[in-house]
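In: Sequence first, then the predicted structure, then my questions.
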Protein chains: 2
Amino acid sequence: MPFSFTLEATDPQTAARAGRIRTDHGDVLTPAFMPVGTAGSVKTLTPDDLRAAGCDILLSNTYHLSLRPGVETVAALGGLHRFMGWPGAILTDSGGFQVMSLSPLRRVTDAGVEFRSHLDGSRHVIGPEDATDIQDGLGSDIAMALDEPVPLPAEPDAVRSAVDRTLRWAARSLAERERLRENGRGGMALFGIVQGGTDRDERARCFERLGAMAFDGFALGGLWVGEGRRLGLEMVEHDCAAFPAGKPRYLMGVGHPVDVVEAMARGVDMMDCVLPTRNARRGTVFISTGRLVVKNAAYARDERPLDPACDCATCARFSRAYLRHLFAANELLGMRLTSVHAVHAMVALVRRAREAVLGGRYDAFRAEFLERYHSGETLAREAPVH
Amino acid sequence: MPFSFTLEATDPQTAARAGRIRTDHGDVLTPAFMPVGTAGSVKTLTPDDLRAAGCDILLSNTYHLSLRPGVETVAALGGLHRFMGWPGAILTDSGGFQVMSLSPLRRVTDAGVEFRSHLDGSRHVIGPEDATDIQDGLGSDIAMALDEPVPLPAEPDAVRSAVDRTLRWAARSLAERERLRENGRGGMALFGIVQGGTDRDERARCFERLGAMAFDGFALGGLWVGEGRRLGLEMVEHDCAAFPAGKPRYLMGVGHPVDVVEAMARGVDMMDCVLPTRNARRGTVFISTGRLVVKNAAYARDERPLDPACDCATCARFSRAYLRHLFAANELLGMRLTSVHAVHAMVALVRRAREAVLGGRYDAFRAEFLERYHSGETLAREAPVH
């Protein structure tokens, strides 16, 4: 099996870690930020752009790809890496979360999730075996076991029942990968997902069983869905304390720079989120000193790059004034250039975090990052935003 | 003055020419195809993409830029080249044609064109002096004299009166550049535009006067506006026969590969058109064997590049199947990748044409191009289109 995880360092004052994941598609340095390539592309960007931003792993959405162009088509074209021309590693989600958020109709039973496509209304059923098979067909390096997320707030009974089902599906996902391996397939790593919402005891109960299964890594599910940063980080701290040191920990759906820095301090190794790139396409970027709204009239003649401290291809060549003009004129190039910055900035952030852990100074790194992020330097004044 | 034109060769059997324009922003090889960067970007593409496609000159629209972000802003930011990060040459149109096609209200008098902005309805008047000043303010390498195009079909009187006004405005444009030069500005080249619709005599009368003025080059205006390819090419042949050999000839708004090849055969040195890139963004590309509709279901598992004979960055890395998927999923990357191909294909076409002229074999080049273009090889069958 090509997949392995090596823990290279743990910060002495925080729980931050530096590691390395080995895959069939190269090494992934951790902490890692995974840009999201929902439908087979990280919107507006090419694989070369992602490489230039230092990216070594991206996330793709199984739900979207299995509906269009379909796993058979992707498999016939040599798998997702070849299809999209991406030489690095790919983590795929199980599709469960996307079904819950996008499908207009769905019904969850022990067999799986029955849903209608948001594209054409066609009926589908996806169980843990299907989710495992589809991710294998896509050629994923790291697949996720199908889980049942619970929309918050939820009654304790609903949380408990979702944890139970998540555990049953986790076991079936692993069994399906075993079956695939007996047939010469299933080379991918498989991660189990901890559910339990914001109930510490339920999360602990979930991991007690999950941790005994042969997963290659563990994910923190059901968080950053409205519970707030403080509570979310409490759950992260609690989960990570229970996780084994020798396997990677993946916090799903987190991408605000402040959340990323705080989650890394609590021992998270991998994160993904559409936030930086979606924001970028809407004309808002995170820079080292805060949140910059590109369209702000104050930038109309600002010759500085988006982030004077950034060395991405966009900041190296284009001014705020030009980017503001592109957004004002609805020029697609604007979205592309801010997306380049967005991916680069997140990957650069986790790379600097990694260096800090290797140097045993993550706590100072975090303090400096937060002070700078909240300084608002070089930013136009605007109404306060999160 | 940095601008010069050197005629390097004329084809022995056709009127095709090879030349070189010298500008402050590098040499422009002719025949040249100019991609259109309407609002300060060739949509979806960066200057690096354009350079990689072999592009050495692009066209920008004065009307759009003067309304947004405004010539003062562009000038304050160091001019259009610096604003958009483009190191090559820039030709600007005068704005007249765009006013006619985009402004909801306009009135033409000898003073100039009065119009309302299509963006905010604000009232503007632009005369030949203004058009010259604005293009100077943008930092254009090659500016166009303000002209009065006539929407076809037109009464002979209307054509004659538009030619007369175009001639008066041409003289005033040149006088304004002289005034600028006396003040240390106006370094740009200035081209005069031949009007007269599809009336040979009016076009001849227009050039008789225009040709006596101190223009650096001559443009063929008022063509490819619905008169049809045959009649358009007749006018091109007629105009080019009258033009002096030592100055560049620019056919405005022509970009279908077949038109480009036929126009070059008649002595045209420069062309521009949104067609290749606009088509590309809508999922249709010109390849060497015809017109390819990317979304066609026949390409769903086609591993070939858009054009197996093309060496652009898109054709080097991505399959028709992937591009079809991107368009089916409305992924912006699709528009970007087809635009890369579109610009590359047009520039590569005029470069091959140039080589053919230098080798004295343009006629054979044209015959081979047309045969291949109409072969439809590797294309899915579809309803015939132009």
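Out: Received the coordinates, thanks. Numbers count the residues shown, from 1 in each chain, chains lettered A, B, ... in the order given.

In: tell me the contacts of the most far-flung residue of chain A relative to its centre?
Out: Computed with C-alpha atoms, centre = their mean, the maximum C-alpha offset from the centroid of chain A is found at A:Arg301, amounting to 35.4 Å. A:Arg301 makes contacts with A:Ala321, B:Thr73, B:Ala76, B:Leu77, as judged by C-beta atoms under 8 Å, 6 or more residues apart in numbering or on different chains. For glycine as for every other residue, the C-beta is placed from the backbone atoms N, C-alpha and C.

In: Okay, it and B:Ala76: tell me how far apart.
Out: 6 Å (C-beta to C-beta, to the nearest Å).

In: Check A:Leu337 too.
Out: If you measure A:Leu337 against B:Ala76 using C-beta to C-beta, the figure is 21 Å.

In: Any buried residues in stretch A:354-364, and which?
Out: Residues of stretch A:354-364 classed as buried by neighbour count (16 or more other C-beta atoms under 10 Å in any protein chain shown): A:Arg354, A:Ala356, A:Val357, A:Arg361, A:Tyr362.

In: out of those, who's nearest A:Gly376?
Out: Comparing the buried residues of stretch A:354-364 against A:Gly376 with C-beta to C-beta picks out A:Ala356 as the nearest, at 23.0 Å.

In: Can you verify that closest one is assigned to a helix?
Out: Yes - under the criterion used here (DSSP: H, G, I helix; E, B strand; the rest coil), A:Ala356 sits inside a helix.

In: For whatever helix or strand A:Asp363 lives in, name the packing helices and strands.
Out: A:Asp363 is part of helix A:362-373, with elements assigned from DSSP states H and E. Using 3 or more C-beta pairs under 8 Å, 6 or more residues apart in numbering or on different chains; DSSP states H and E, the elements in contact with helix A:362-373 are helix A:257-265, helix A:332-358.

In: again, only using 10 Å
Out: Packing contacts for helix A:362-373, counted by 3 or more C-beta pairs under 10 Å, 6 or more residues apart in numbering or on different chains; DSSP states H and E, involve helix A:257-265, strand A:284-287, strand A:290-293, helix A:332-358.

In: which residues are common contacts for A:Arg301 and B:Ala76?
Out: Common neighbours of A:Arg301 and B:Ala76 (criterion: C-beta atoms under 10 Å, 6 or more residues apart in numbering or on different chains): A:Ala321, B:Pro69.

In: next one: phi and psi at A:Pro153?
Out: In terms of degrees, to the nearest 10, the main-chain angles of A:Pro153 are phi -70, psi 150.

In: What count of nearby residues applies to it?
Out: As a burial measure, the neighbour count of A:Pro153 was computed by other C-beta atoms under 10 Å in any protein chain shown and equals 11.

In: list the contacts for it?
Out: Shown in contact with A:Pro153 (C-beta under 10 Å, 6+ apart): A:Val159, A:Gly197, A:Thr198, A:Gly226, A:Glu227.

In: can you give me the strands for the stretch 201-350 of chain A?
Out: Counting by DSSP state E, counting those that start in this stretch, the stretch 201-350 of chain A has strands at residues A:217-220, A:249-251, A:270-272, A:284-287, A:290-293.

In: what mean pLDDT does the third one have?
Out: Right, the one you point to is strand A:270-272. Taken as a whole, strand A:270-272 has an average pLDDT of 98.

In: for the second one, same thing?
Out: Computed over strand A:249-251, the mean pLDDT rounds to 98.

In: three-state assignment of A:Leu59?
Out: The three-state assignment at A:Leu59 reads strand, by three-state DSSP.

In: burial count for it?
Out: 27.

In: that older thread, in TSV: the contacts of A:Arg301, plus secondary structure.
Out: What follows is those, written out as TSV (three-state DSSP):
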residue	secondary structure
A:Ala321	helix
B:Thr73	helix
B:Ala76	helix
B:Leu77	coil
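
In: Of all the residues in the strand or helix carrying A:Val125, which ones are buried?
Out: Here A:Val125 is covered by strand A:123-126, with elements defined by DSSP H and E. Under the neighbour-count criterion of 16+ other C-beta under 10 Å, strand A:123-126 has A:His124, A:Ile126 buried.

In: Please identify the buried residues of the helix holding A:Asp363?
Out: Using 16+ other C-beta under 10 Å, the residues of helix A:362-373 that count as buried are A:Tyr362, A:Phe365, A:Arg366, A:Phe369, A:Tyr373.

In: hang on, the earlier thing: need the winner for burial among the strands of the stretch 201-350 of chain A.
Out: Mean neighbour counts were taken over these using mean count of other C-beta atoms under 10 Å in any protein chain shown, and the top value, a mean of 28, falls to strand A:249-251.

In: Show me the strands paired with that strand, marking each as parallel or antiparallel.
Out: For strand A:249-251, the pairing partners within the sheet under DSSP bridges are strand A:217-220 (parallel), strand A:270-272 (parallel).

In: could the ones you listed be laid out in TSV, adding distance to A:Arg123?
Out: Listed next are the strands paired with strand A:249-251 as TSV, based on distance: least, C-beta to C-beta, whole Å:
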stretch	distance to A:Arg123
strand A:217-220	28
strand A:270-272	29
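
In: Next, count neighbours for the closest residue to A:Ser173 other than its chain neighbours.
Out: Using C-beta to C-beta, 6 or more residues apart in numbering or on different chains and skipping residues adjacent in sequence, the residue nearest A:Ser173 is A:Ala145, 3.7 Å away. Residues near A:Ala145, counting by other C-beta under 10 Å, number 29.

In: Equivalent analysis for A:Met213, please.
Out: 16.

In: Next one, pLDDT for A:His238 please.
Out: Residue-level confidence at A:His238 comes out at 98, pLDDT.

In: Surely it touches A:Arg266?
Out: Yes - A:His238 sits in contact with A:Arg266 when judged by C-beta atoms under 10 Å, with a separation of 9.0 Å.

In: Who has more neighbours out of those two?
Out: Just comparing A:His238 and A:Arg266: by other C-beta under 10 Å the higher neighbour count belongs to A:Arg266, 22 against 19.

In: Give me the distance between that one and chain B.
Out: Here A:Arg266 is placed at a distance of 35 Å from chain B (C-beta to the nearest C-beta, to the nearest Å).

In: Would you agree that residue is in contact with A:Ala15?
Out: Yes - contact criterion C-beta under 10 Å: A:Arg266 and A:Ala15 qualify, at 5.2 Å.

In: okay, and the common contacts of these two?
Out: With contacts taken as C-beta under 10 Å, 6+ apart, the residues that reach both A:Arg266 and A:Ala15 are A:Val236, A:Glu237, A:Cys240, A:Ala241, A:Arg249.

In: can you pull the buried residues of the lowest-mean-pLDDT helix or strand in chain A?
Out: Taking mean pLDDT, DSSP states H and E as the measure, helix A:96-102 is the helix or strand of chain A with the lowest mean score, a mean of 82. Neighbour-count burial for helix A:96-102, with 16+ other C-beta under 10 Å as criterion, is recorded at A:Gly96, A:Phe97, A:Gln98, A:Val99, A:Met100, A:Leu102.

In: How about residues contacting it?
Out: For helix A:96-102, the surrounding residues in contact (C-beta under 10 Å, 6+ apart) are A:38, A:61-64, A:66-67, A:106, A:108, A:112-119, A:124, A:126, A:128, A:131, A:144-151, A:166, A:169, A:193, A:221-222, A:225, A:252-253.

In: Would you write a ChimeraX line that selects the buried entries of the residues you listed?
Out: With 16+ other C-beta under 10 Å as the criterion, this ChimeraX line picks the buried residues out of these:
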select /A:38,61,62,63,64,66,67,108,112,113,114,115,117,118,124,126,128,131,144,145,146,147,148,149,150,166,169,193,221,222,225,252,253
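
In: In terms of helices and strands, where is A:Cys55?
Out: For A:Cys55, there is no enclosing helix or strand under DSSP H and E.

In: What distance do you get for the closest residue in space to it that isn't next to it in sequence to B:Asp157?
Out: Leaving aside its sequence neighbours, A:Cys55 sits nearest to A:Val347 (C-beta to C-beta, 6+ apart; 5.3 Å). A:Val347 sits 66 Å away from B:Asp157, going by C-beta to C-beta.
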